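Novice: fold the following and give me the result.
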Amino acid sequence: MQRILAADIGGTNCRFASFSLDQGRLCQERVVWIRSAGLLDTDMVLVALERELETSLRTADVLVLGLAGPVSDGLRGGLTNGALRVDFTGLEQRYGIPRALVINDFTAEAYGCLTEIGEQARCIVRPTEQAEVPPTAGRGVLGAGTGLGTASLVHDGRGGWLPVAAEGGHASFPFVGDEENDFHKFVCRELDYPFARGDDILTGRGLSLLHRYLSGETLEAREVGERALSRDTPTLRWYSRFYARACRNWILTTLCRGGLWIAGGIASRNPLSVTSDHFLRELYTTPHFASLIRSVPIYLIENKNSGLWGAAQAGLEVLRREGR
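Specialist: Numbers count the residues shown, from 1 in each chain. Now for the predicted structure:
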């Protein structure tokens, strides 16, 4: 029986899982969450994975790590919001792992859309304009947590899909009108940045800044969610508007006519932020390509282990390419 070990490491949480394959289908065996703080290098990650999953790395046919940060050559990468740096070069000699891969965490989320997790995602925006969408139409993924991640999937023309990594969260965020631009100036002063990125606005840090700007209260993101994103408040209205604008821009950027999947902890814990009327109004407020925006379904991924499933799917693709 073939086994895949998967890790999904973000700025706050680190998730480990083991999967087996049953006639080419992923079957989750075990999942463990720990904090990312304290994981600084490759050896620390692998020791923690063996310890938490209570399994030897040598039992794996492939190991895939999804990392919330830039990745190079499928073997090296580092956290954007953390000290961890990993290098999977030579793991077979050091740990007996025959195949290993490092991917961006939202590349993993994109792969996750191809699994049962993507199929189970809740449709929160149904198309208001019908259009003939081929099954090969592209798909987009976006989500905010400790960072703002983006990715997409394009069809390879041979029955498979290719993930396209992106760093859309680090593009400058668009503000509209005097009120929003006053908030932009506030964010730039607080962070000492020349301009604010989506990563500064939609993430937990951005949510805390927004709530403080609007209410004067200094709260952690989780507290803001509990107090201000579960009912109609100024914070909900602004945050929903910003989230919808990011989704609209990603739809236009990727032409994901096959659908947009929203991942990340903030939306899954606070679904009103992406299901409120404020979200919908902003989503459809555009003088350009309105019919495209209105034809795209939007799904909310509520399974908090979606990145692990995506990492496992990436491992499955490695095995398939080798004919195993």
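Novice: got any ranges where the chain has weak pLDDT?
Specialist: Along the chain, the model assigns pLDDT under 70 to residues 324.
Novice: sec struct for the residue of it most remote from its centre, please.
Specialist: Going by C-alpha atoms, centre = their mean, the residue of the chain most distant from its centre is Gln93, 31.9 Å out. Look at Gln93: counting by DSSP: H, G, I helix; E, B strand; the rest coil, its state is helix.
Novice: what separates it from Asp156, distance-wise?
Specialist: Shown here: Gln93 relative to Asp156, a distance of 32 Å by C-beta to C-beta, to the nearest Å. C-beta coordinates here come from the backbone N, C-alpha and C atoms, glycine included.
Novice: with Arg122 instead?
Specialist: Separation of Arg122 from Asp156 (C-beta to C-beta): 28 Å.
Novice: okay, these two: which has more neighbours?
Specialist: Between Arg122 and Asp156, counted using other C-beta atoms under 10 Å, the more crowded position is Arg122 (13 against 10).
Novice: right, and the more buried one touches Ile298 too?
Specialist: No: with contacts counted by C-beta atoms under 8 Å, Arg122 stays clear of Ile298, the gap being 9.8 Å.
Novice: residues near Tyr193, how many?
Specialist: Under the criterion other C-beta under 10 Å, the count of neighbours that Tyr193 has is 12.
Novice: wait, Lys304
Specialist: Per other C-beta under 10 Å, the neighbour tally for Lys304 reads 18.
Novice: please apply the same query to Pro297.
Specialist: 17.
Novice: now do the same contact list for it.
Specialist: Shown in contact with Pro297 (C-beta atoms under 8 Å, 6 or more residues apart in numbering): 123, 125-127, 259-260.
Novice: and after the host helix or strand of Thr253, which helix or strand comes next?
Specialist: Element membership of Thr253 [criterion: DSSP states H and E] is helix 234-254. Moving toward the C-terminus from helix 234-254, the next helix or strand (DSSP H and E) is strand 260-263.
Novice: can you give me the helices in this protein?
Specialist: When secondary structure is read from DSSP state H, the chain shows helices at 42-53, 91-95, 105-112, 116-120, 177-191, 198-201, 204-215, 221-228, 234-254, 265-269, 272-275, 277-283, 290-294, 306-321.
Novice: which other residues reach the fourth one?
Specialist: Right, helix 116-120. The set of residues external to helix 116-120 that reach it, using C-beta under 8 Å, 6+ apart, is 26, 112, 261, 299, 301-303, 305-306, 309-310.
Novice: C-alpha coordinates for it, PDB please?
Specialist: Coordinates of the C-alpha atoms in helix 116-120 are reproduced here as PDB (Å, rounded to 0.1, in the frame of the first residue of the first chain):
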ATOM      1  CA  GLU A 116     -13.200  15.600  -2.100                       C
ATOM      2  CA  ILE A 117     -12.600  18.800  -0.100                       C
ATOM      3  CA  GLY A 118     -13.100  21.000  -3.100                       C
ATOM      4  CA  GLU A 119     -16.200  19.000  -4.000                       C
ATOM      5  CA  GLN A 120     -17.600  19.500  -0.500                       C
END
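Novice: so for that helix, what gets flagged as buried?
Specialist: For helix 116-120, burial by neighbour count (16 or more other C-beta atoms under 10 Å) applies to 117-118.
Novice: tell me which stretches of the stretch 51-200 of the chain form strands.
Specialist: Counting by DSSP state E, counting those that start in this stretch, the stretch 51-200 of the chain has these strands, from start to end: 62-67, 71-72, 76-78, 85-87, 100-104, 122-125, 139-144, 148-155, 161-165.
Novice: can you add distance to Ala17 and give those back as JSON lines?
Specialist: Conversion of those to JSON lines gives the following (distance: least, C-beta to C-beta, whole Å):
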{"stretch": "strand 62-67", "distance to Ala17": "10"}
{"stretch": "strand 71-72", "distance to Ala17": "19"}
{"stretch": "strand 76-78", "distance to Ala17": "19"}
{"stretch": "strand 85-87", "distance to Ala17": "17"}
{"stretch": "strand 100-104", "distance to Ala17": "15"}
{"stretch": "strand 122-125", "distance to Ala17": "22"}
{"stretch": "strand 139-144", "distance to Ala17": "19"}
{"stretch": "strand 148-155", "distance to Ala17": "19"}
{"stretch": "strand 161-165", "distance to Ala17": "19"}
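Novice: pick the most buried one from those strands.
Specialist: Using mean count of other C-beta atoms under 10 Å, the stretch among the strands of the stretch 51-200 of the chain with the greatest mean number of neighbours is strand 139-144 (a mean of 30).
Novice: hmm, who's touching it?
Specialist: Applying C-beta under 8 Å, 6+ apart, the set of residues contacting strand 139-144 from outside is 106, 109-110, 113, 148-153, 161, 168-169, 198, 202-204, 206, 243, 246-247, 250-251, 254, 256, 258-267, 301.
Novice: tell me the angle of that strand relative to helix 204-215?
Specialist: With axes from the mean of the first three to the mean of the last three C-alpha atoms, to 10 degrees as the criterion, the two stretches strand 139-144 and helix 204-215 enclose an angle of 60 degrees.
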